[in-house]
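Peer 1: no sequence on hand, only this structure:
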């Protein structure tokens, strides 16, 4: 079974803090993705990576950056967290089908 | 042209009824159409998927119907159960595009006992 794990289920941070969200997959997938999910807005792609050290912007990359130093790990970075980044963050990995992690619910106060 | 439009946004069905969720797309390069199911507090999980060389795929109570000429596909849940209450997302992708999926907006299904 594919397993995608995310470092935290719940996270509370202060405005202006630097936030790291970690995602690890165990199936040697080339592609990894970060989404945010907000009520009524569905799943919105922030960034994705199709190889180590390769990344591409998704639909809403502003305020975020990513890092992929190893194939199994894809990190989402909020350089300076703001209240409008309060959301559910989902990581996924894929060959073709995407497998999602359980999500991190981030609250920025 | 990259959008996938999903309807309805929410759906209430009685136990035993049929739930139907519809999606439409524009990009004729799409060749893979999965549906994801998401329970509260969980990540989405692949439910069923179809490719455009078939018009229907059935897995248990879940059926995807695909209309290539109309560029539409739909999920039918037969004999809907309270345990089917979840958010459902349709998606589409084209081969060779790094696995990137274009998701619909989601449908929240409530099945009443």
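Peer 2: Great, that's in hand. No experiment lies behind these values; they were computed from the predicted model shown.
Peer 1: any regions of the chain where pLDDT drops low?
Peer 2: Reading this off chain A. In the predicted model, chain A carries pLDDT under 70 at residues A:2.
Peer 1: ah, no, chain B please
Peer 2: B:1, B:96-98.
Peer 1: residues of it that sit close to chain A?
Peer 2: Contact residues, chain B versus chain A (C-beta under 8 Å from any C-beta of the partner chain): B:9, B:32, B:34, B:36, B:41-46, B:49, B:89, B:93, B:98-101, B:103-106. For every residue, glycine as well, the C-beta is placed using N, CA and C.
Peer 1: contact partners for residue 74?
Peer 2: All of this refers to chain A. A:23, A:25, A:32-34, A:49, A:66-68, A:91, A:93 (C-beta atoms under 8 Å, 6 or more residues apart in numbering or on different chains).
Peer 1: chain B, not that one
Peer 2: Applying C-beta under 8 Å, 6+ apart, one finds that residue B:74 lies in contact with B:20-23, B:64-65.
Peer 1: buried residues in stretch A:38-54?
Peer 2: A:42-50 (16 or more other C-beta atoms under 10 Å in any protein chain shown).
Peer 1: equivalent analysis for stretch A:61-68, please.
Peer 2: Across stretch A:61-68, burial judged by 16+ other C-beta under 10 Å covers A:64, A:66-68.
Peer 1: show me how far that stretch is from its chain's centre.
Peer 2: Going by C-alpha atoms, centre = their mean, to the nearest Å, the spacing between the C-alpha centre of stretch A:61-68 and its chain's C-alpha centre is 9 Å.
Peer 1: got the contact list for that stretch?
Peer 2: With contact meaning C-beta under 8 Å, 6+ apart, stretch A:61-68 is reached by A:32, A:34, A:46-47, A:49, A:51-55, A:74-80, A:82, A:85.
Peer 1: just put the buried residues of stretch A:38-54 in TSV and tack on secondary structure and distance to chain B.
Peer 2: As requested, the buried residues of stretch A:38-54 are exported to TSV (DSSP: H, G, I helix; E, B strand; the rest coil; distance: C-beta to the nearest C-beta, whole Å):
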residue	secondary structure	distance to chain B
A:42	strand	4
A:43	strand	5
A:44	strand	8
A:45	strand	7
A:46	strand	12
A:47	strand	11
A:48	strand	6
A:49	strand	9
A:50	strand	4
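Peer 1: Serialize those to CSV and add fields for distance to residue A:12.
Peer 2: Shown next, in CSV, are the buried residues of stretch A:38-54 (distance: C-beta to C-beta, whole Å):
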residue, distance to residue A:12
A:42, 24
A:43, 23
A:44, 22
A:45, 25
A:46, 20
A:47, 23
A:48, 27
A:49, 27
A:50, 32
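Peer 1: got phi/psi on residue B:19?
Peer 2: phi -100, psi 130 (degrees, to the nearest 10).
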